[in-house]
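Colleague: Sequence first, predicted model second:
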Amino acid sequence: MLGLMGAMEDEVRLIRADLDDVEELDGPCELLRGRLDGTPVVLAKCGIGKVNAALAASAMVQAGATRIVFTGVAGAVAPGLGIGDVVVGNRFQQHDADDTAFGNPIGTVPGEPPYWEPDPVLFALVLDVLRALEEPRGHQVVAGPIVSGDQFIAQAEKVAWLRATFGASAVEMEGAALAQAANRLGVPFAVVRILSDSADGDAVADFPAFLNNAAHRGRDLAHALARQHRLTA
Ligand code: ADE
């Protein structure tokens, strides 16, 4: 069953509105089972941050999800990317994990791999679907590293550090936690981020102004994935 995850109300509200046969499930966050274009799905609104994403991933697998796709917004980090462009994560790290005292590189969680990668089949499918949807609308769709941490980044110096240290394309607050949890749970995952801001001094204003746009594009992606999922599951 296809699992769809978002962190905030704007990342799930239009998908929720399009679900049929909705059933509310008990869990650590809002968790719904239903049908999207006839395809059974589990939809989670996990809440903001790494712990919430990991909890939701676990609950979604318990609810029957066999693939999890996160859709939401992020701050742009790589040069050449701007508000409205889309990053599909091809590598995930937690920029706020710091075990350097023991000689490990910054961003490393002790006992975990140095970074996580998405499921290659799901990643390729999501990238294809997004290119078909977004490129005709004039948005770039790129594969790139995503870094996550329990910090809203709104400082150009921090963006420069994320770029230099991790080669990141985008920064957000859940993707690498979903990656860690999905790896432990043995469930394929992918993360899609529409860039809402440049994680600089304008981010606090740009981010909320963009959420409605992202909500509509997230809904389009969810429908396209549901249709694909019915063909390929
Ligand atoms: N999500 C969207 N924009 C973000 C930012 N600048 N920092 C962290 N998470 C974000």
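Modeller: Okay, I see it.
Colleague: In the sheet, which strands lie alongside the host helix or strand of Thr71, parallel or antiparallel?
Modeller: For Thr71, the host element (DSSP states H and E) is strand 67-76. Applying DSSP bridges, strand 67-76 is found paired with strand 2-6 (parallel), strand 170-172 (antiparallel), strand 189-197 (parallel).
Colleague: what residues does the second one touch?
Modeller: Strand 170-172 is touched from outside by 72-78, 81, 87, 89, 95, 144, 146-149, 153, 159, 162, 193, 195, 199, with contacts defined as C-beta atoms under 8 Å, 6 or more residues apart in numbering. (Each C-beta comes from the backbone N, C-alpha and C, glycine too.)
Colleague: Report the entries of these that also contact the ligand.
Modeller: 73-75, 153, 199 (C-beta under 6 Å from any ligand atom).
Colleague: which of those sit farthest apart?
Modeller: The largest separation in these, counting by C-beta to C-beta, is between Val73 and Ile153 at 12.5 Å.
Colleague: who has more neighbours, the two?
Modeller: When Val73 and Ile153 are compared on other C-beta atoms under 10 Å, the one with more neighbours turns out to be Val73, at 26 against 23.
Colleague: burial of Gly107, as a residue count?
Modeller: Neighbours around Gly107, by other C-beta under 10 Å: 24.
Colleague: and it, what element?
Modeller: Gly107 belongs to no helix or strand, assigned by DSSP H and E.
Colleague: quick one, what contacts it?
Modeller: 93-95, 97-98, 114-115, 147, 165-166.
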